[in-house]
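J.: A structural model of the following input is requested.
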Amino acid sequence: QVQLVESGGGLVQPGGSLRLSCAVSGFPLDYYTIAWFRQAPGKEREVVSSIYGGFGSTYYVDSVKGRFTISRDNAKNTVYLQMNSLKAEDTGVYYCAHGPPGATMAVDFHWWGQGTQVTVSS
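T.: You can find the predicted model right below:
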């Protein structure tokens, strides 16, 4: 059974950092896509970053390039999202999700975690 569990969210000031973790079970990390999505109040869920494949191919939405880094630890079956230089507009519920190789659209992901709240505010 596929299961994803996020952790690491919280309240941080603008310019601060957080690291989110997504512990996964039920499938190997080095083939399928694990993506981070976020949803702000009143907005649609959007992809933030993803990682897939044996070489760990990555994708970032333009708004987080240079600030966020996605990585994975196959031995721990965990995917991380390191978020630096956080801005107020990064606020939202962050979800990790499992999907086919190379996927970035929410409709293609069928397994989701419960989400973790990230609030960037002074």
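
J.: next one: phi and psi at residue 18?
T.: phi -140, psi 150 (degrees, to the nearest 10).

J.: beta partners for it?
T.: Beta-bridge partners for residue 18, by DSSP bridges, are residue 83.

J.: wait, it touches residue 85, no?
T.: No. Assessed by CB atoms under 8 Å, residue 18 is found out of contact with residue 85, at 11.1 Å. Heads up, the C-betas are built off the backbone N, CA and C, glycines and all.

J.: neighbours of residue 31, just the number please.
T.: 11 (other CB atoms under 10 Å).

J.: swap in residue 10?
T.: Residues near residue 10, counting by other CB under 10 Å: 13.

J.: find the nearest non-adjacent residue to it, please.
T.: Nearest non-adjacent residue to residue 10, counting by CB to CB, 6 or more residues apart in numbering: residue 18, 6.3 Å away.

J.: which residues touch the residue most central in space within the chain?
T.: By CA atoms, centre = their mean, the chain has its centre lying nearest to residue 36, at 2.3 Å. Contacts for residue 36 (CB atoms under 8 Å, 6 or more residues apart in numbering) come out as 20, 22, 47-50, 70, 79, 81, 94-97.

J.: mind listing the strands for the chain?
T.: Along the chain, counting by DSSP state E, strands occupy 3-7, 10-12, 18-25, 33-39, 46-52, 57-60, 68-73, 78-83, 92-99, 111-112, 116-120.

J.: now the second one: mean pLDDT?
T.: Mean pLDDT, taken over the full extent of strand 10-12, equals 98.

J.: and that strand, which strands flank it?
T.: In the sheet, strand 10-12 lines up with strand 116-120 (parallel) (DSSP bridges).

J.: I'd like to know how many residues surround the residue nearest to residue 10.
T.: 20.

J.: tell me the pLDDT at it?
T.: Reported pLDDT for residue 18: 98.

J.: then the one 3 residues further on?
T.: Residue-level confidence at residue 21 comes out at 98, pLDDT.

J.: same deal with residue 53?
T.: 88.

J.: again, but for residue 50
T.: 97.

J.: for it, name its beta-bridge partners.
T.: residue 35, residue 59.
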